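I need the structure of the sequence given here:
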Amino acid sequence: MRALSSALHALVAASLLSGCGPEQPSVPAVPSFEEVERVCAGVHCTAGYCTSAGGVATCRCGPVDEEAGSVCEVDEEGDFDDLPTPGPQMRSLPVGPESGWLHRGDTDRFTFAGEAGRTYRFTCIPEAFQWCDLAISPWFGAPYEPARVSYEGRATVLTLTLYTASLRTAELAAWPGGYSFDRGAYTFSLLEVEDPEGTLEQHAASVSTDGTPITGRIDFHGDTDAFAFTTLEQHVYRAHCTGPELVADIRAAGGWGTGQKLQRDEDGGRTAEVKLPAGSYLLWVGTAALSDTADYQCTLQDLGADDHGDDSAHATPLATFDTALTGVLGTRFDLDWFSFPAKAGHAYNLACDSAAPSGCGAASIRFPDRELGQPVVVSQDGLLRAYVYNTPRKEAGPHAPVPYTFKVVDLGADQGTGVADAVPASVGVPIPVYFASFTDRDYFRVDVEAGHVYRLAFAPQVSSGLFGAFRPAEPATNLMRAFSATQGLFKSDRSEPIVFQVGLDVVVNESPYVLRIDDLGPDDHGDTREAATTVPGPSLRADGVLDTWDDVDWFALELEPRAYAVRSLRANSNPPIFTLFEADGVTPVPDSGSGNVRPRVAGRHYLRVNPWLSGSNDRSPYRWELNPR
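Numbering: from 1, shown residues only. This is a model prediction of the structure:
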């Protein structure tokens with residue numbers, strides 16, 4: 001009760017005093033949040049913030065703005081293009097030319113309905129800032145299609161072709177959009193560009209392939225025009241276009257990616273000659289010129305059926321091997337196929353002749369499942385196929401037709417496929433041989449004499465010859481070292497028939513090769529202690545040749561029990577090995593490997609000479625001396 005009485009006294013006193021002093025100024029009413037939202041909608045300030053002053057939008061500076069000396073005033077009113085509310089306005093085309101105003105960080109937007117197959121040109125010319133930043137964006141769910149941006153003086157131009165119908169939002173800002181504080185006026189327009197030739201496949205005009213001129217126009221920067229045509233199986237077509245800096249190619253209808261490009265020709269146009277499977281195709285035409293428009297003219301001409309099939313299923317059969325066929329490689333990638341019956345055990349080669357450098361540059365024989373090269377030896381009867389095509393060229397330009405003549409040559413039966421069917425041959429008689437590949441081997445049977453050295457070599461000389469020697473009764477045992485060499489050397493300790501195997505480790509298509517099997521005569525020194533060559537004293541020296549990879553030369557000599565120095569001379573890089581033995585031919589003389597030897601007793605001794613490299617296929621001449629010390 002006392003607290004209530006005190007509050008009442010204070011209230012009465014305050015009422016009495018209020019009428020006795022000077023008048024206090026009235027505090028302005030603070031606008032409500034709803035009023036600021038209503039009044040400031042669509043208003044932007046140069047700085048500070050927007051508020052309501054008696055129902056009128058006004059801009060006021062905050063402490064930071066006052067400290068910076070900013071001018072806080074209304075910059076733009078009625079800017080209702082910010083997303084999401086109230087959102088960009090819907091416009092019908094064409095739009096403009098119209099003027100607009102950008103405040104700091106502003107983006108102006110409007111929406112339009114885009115139609116599939118149409119091209120739109122969005123243009124902006126700034127008046128109070130440097131460059132416009134333009135975009136046309138799809139609404140939710142619509143696919144994004146890339147646009148092309150170009151510049152014409154101060155104008156920024158965005159060109160967009162739509163492949164699907166959908167709502168699109170056109171956006172305009174000062175460059176770079178969303179980050180620029182430039183502001184000011186601009187002029188813009190959005191128009192649909194006329195493109196009567198059509199850009200999309202479904203809008204492509206159908207044209208004939210009889211050479212009738214096709215005229216068109218590049219209607220805007222980045223425009224590409226499409227023309228539809230149909231082809232017949234195995235026919236060759238020539239496309240030719242003229243116009244400023246044209247780019248053109250032929251593509252399969254319904255397929256994306258680059259097809260057969262038209263190459264630049266002498267008149268500055270573009271030409272291509274192509275052979276296409278039967279179907280529907282498009283001729284695409286564009287330009288690399290910077291200008292917005294360009295006129296062009298094209299022709300499409302059916303040159304008729306190709307003279308020979310371009311796959312094995314359409315190969316031209318060869319009736320005989322004596323008649324040469326003629327053909328023309330009509331396109332840059334033309335491939336002409338032929339087929340012929342082959343006999344088991346026969347070798348076949350190709351004869352192709354053309355005056356053009358690229359003609360006959362590549363021809364080959366093949367089984368249905370693998371490449372064979374040429375010449376080829378077949379192991380069974382069957383149908384073989386051969387083809388001719390242009391050697392790939394790096395230089396640009398249209399392809400000129402390449403005529404050629406073509407024939408398959410039967411080289412006859414192969415020279416043996418193994419030891420059992422080796423071909424009889426004579427020593428010293430040249431033998432033509434053909435190699436289908438580096439795996440092909442030929443076999444020749446020759447009667448050799450005991451102790452004679454035989455040399456096998458090719459003409460022209462090769463460094464990749466493969467040589468072998470077999471006894472008919474032991475076809476799995478090679479008596480030579482079959483590795484790559486210029487020649488093969490062989491010696492037998494008995495007179496007998498030997499089958500020689502020859503091949504090439506690398507075939508360089510220079511067949512036929514000529515093989516010679518030559519008898520170099522008997523071995524110069526015996527291969528055993530019993531057949532050793534006697535060296536009389538007092539001069540202890542001898543010359544010799546190690547003829548084969550396994551050749552061994554023996555010498556018999558009389559020595560005293562004293563020191564001897566062994567001196568050897570050689571004619572090539574393969575030094576032989578000298579070993580001195582006592583009379584039994586088994587016990588080495590002490591220190592025989594040091595170059596100085598000391599026989600223990602006087603009498604008969606044996607010197608053995610053998611190759612240092614047992615795999616060498618080169619003859620190794622040598623000389624040795626034993627000098628008393």
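
So which bits of the helix or strand containing Asp108 are buried?
Per DSSP states H and E, Asp108 falls inside strand 107-114. Using 16 or more other CB atoms under 10 Å as the burial criterion, the residues of strand 107-114 that qualify are 107-112, 114. For the C-beta atoms, the positions are set from N, CA and C on the backbone; glycine is no exception.

I'd like to check which residues are in contact with Asp447.
495-498 (CB atoms under 8 Å, 6 or more residues apart in numbering).

Out of the residues you listed, which end up buried?
Looks like the contacts of Asp447 have Ile498 buried, using 16+ other CB under 10 Å.

In helices, which of the contacts of Asp447 appear?
Among these, no member falls in helices (DSSP state H).

count of residues packed around Gln143?
Wrong residue type there; residue 143 is Pro, not Gln. 9 (other CB atoms under 10 Å).

Quick check: nearest residue in space to it, chain neighbours excluded?
Among residues not flanking Pro143 along the chain, Thr164 sits closest, at 5.8 Å (CB to CB, 6 or more residues apart in numbering).

residues near the one you found, how many?
When neighbours are counted by other CB under 10 Å, Thr164 registers 12.

Output the below-cut-off pLDDT ranges for the stretch 101-250 of the chain.
Applying pLDDT under 70 to the stretch 101-250 of the chain flags the ranges 195-203, 221.

just to revisit the earlier point, ok, the strand holding Asp108: who's next to it in the sheet?
strand 89-90 (parallel), strand 166-174 (antiparallel) (DSSP bridges).

next SSE after the one helix or strand Ala272 maps to?
Element membership for Ala272, per DSSP H and E: strand 270-276. Heading C-terminal from strand 270-276, the first helix or strand you meet, by DSSP H and E, is strand 279-287.

In terms of secondary structure, what does that next one contact?
strand 214-218, strand 225-231, strand 246-252, strand 294-305 (3 or more CB pairs under 8 Å, 6 or more residues apart in numbering; DSSP states H and E).

Hey, what's the angle from that strand to strand 246-252? Just curious.
160 degrees (axes from the mean of the first three to the mean of the last three CA atoms, to 10 degrees).

that older thread, and the residue nearest to Pro143, which of the three is it?
Following DSSP: H, G, I helix; E, B strand; the rest coil, the label given to Thr164 is coil.

That one touches Ala142, doesn't it?
Yes: using CB atoms under 8 Å, Thr164 is in contact with Ala142, at 6.5 Å.

where does the stretch 401-550 of the chain dip in pLDDT?
Using pLDDT under 70, the stretch 401-550 of the chain drops low at 436-437, 482-484, 507-512.

what bridges to Phe555?
Thr533, Leu607.

And for it, the neighbour number?
Quick note: Phe555 (other CB under 10 Å) scores 24 neighbours.

Who are the contact partners of it?
For Phe555, the contacting residues are 525, 532-535, 542, 606-609, by CB under 8 Å, 6+ apart.

and if we set it to 7 Å?
Counting by CB atoms under 7 Å, 6 or more residues apart in numbering, Phe555 touches 525, 532-533, 535, 542, 606-607.

The nearest residue to Gln501 once chain neighbours are set aside: which element?
Among residues not flanking Gln501 along the chain, Gly468 sits closest, at 3.7 Å (CB to CB, 6+ apart). If you go by DSSP H and E, Gly468 is part of strand 465-470.

Other residues contacting that strand?
419, 456, 458, 477-480, 482, 484-488, 490, 498-505.

if you set the cut-off to 6 Å instead, what comes out?
With CB atoms under 6 Å, 6 or more residues apart in numbering as the test, strand 465-470 has contacts from 419, 456, 458, 478-480, 482, 485, 488, 490, 498-503, 505.

And stretch 106-117, by the same measure?
Against stretch 106-117 from outside (CB under 6 Å, 6+ apart): 81, 88-91, 93, 100, 162, 164-173, 200, 203.

what distance separates that stretch from the centre of its chain?
43 Å (CA atoms, centre = their mean, to the nearest Å).

With just CA atoms, put it into CSV.
Only the C-alpha atoms of stretch 106-117 are listed here, as CSV (Å, rounded to 0.1, in the frame of the first residue of the first chain):
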residue,chain,number,x,y,z
ASP,A,106,23.0,-4.9,-61.0
THR,A,107,21.8,-7.6,-63.5
ASP,A,108,18.7,-7.0,-65.6
ARG,A,109,16.7,-10.0,-66.8
PHE,A,110,13.6,-10.9,-68.8
THR,A,111,12.1,-14.1,-70.0
PHE,A,112,11.1,-15.3,-73.4
ALA,A,113,9.8,-18.5,-75.0
GLY,A,114,12.5,-20.2,-77.2
GLU,A,115,11.6,-22.5,-80.1
ALA,A,116,13.6,-25.5,-81.3
GLY,A,117,15.7,-24.9,-84.4
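
all helices for the stretch 1-150 of the chain, in order.
Along the stretch 1-150 of the chain, the stretches classed as helices by DSSP state H, counting those that start in this stretch are 2-17, 33-40, 63-68.

Mind checking the pLDDT average for the shortest one?
When the per-residue pLDDT values of helix 63-68 are averaged, the result is 88.

buried set for that helix?
For helix 63-68, a neighbour-count test (16+ other CB under 10 Å) marks Asp65 as buried.

One more: stretch 169-184?
Buried residues in stretch 169-184, defined by neighbour count with 16+ other CB under 10 Å: 169-175, 177, 180, 182-183.

One more: stretch 302-321?
In stretch 302-321, the ones that count as buried by 16+ other CB under 10 Å are 302-303, 306-310, 312, 315, 318.

again with stretch 327-339
Buried, per 16+ other CB under 10 Å, within stretch 327-339: 327-332, 334-339.

Likewise for stretch 127-134?
129, 131-134.

before we move on, back to that, quick one: the strand holding Ala272 to strand 225-231, angle?
40 degrees.

Touching strand 270-276 from outside, list them.
Counting by CB under 6 Å, 6+ apart, 231, 236-241, 246, 248, 260, 262, 265, 306, 331, 398-399 sit against strand 270-276.

Out of these, which is nearest to Trp624?
His399 (69.4 Å; CB to CB).

Next one: that closest one, what pLDDT does it get?
Model confidence at His399 (pLDDT) stands at 63.

Same check on Tyr606?
pLDDT, read off for Tyr606, is 96.

burial measure for the nearest residue to it once chain neighbours are set aside, as a count.
Nearest-residue entry for Tyr606: Phe581, 4.6 Å, with adjacent residues in sequence omitted and distances by CB to CB, 6+ apart. Counted with other CB under 10 Å, residues neighbouring Phe581 total 17.

bridging residues for Phe581?
Bridge pairing for Phe581 - DSSP bridges - gives Pro588, Tyr606.

What of Pro424?
Note on Pro424: beta-bridge partners by DSSP bridges are Arg445.
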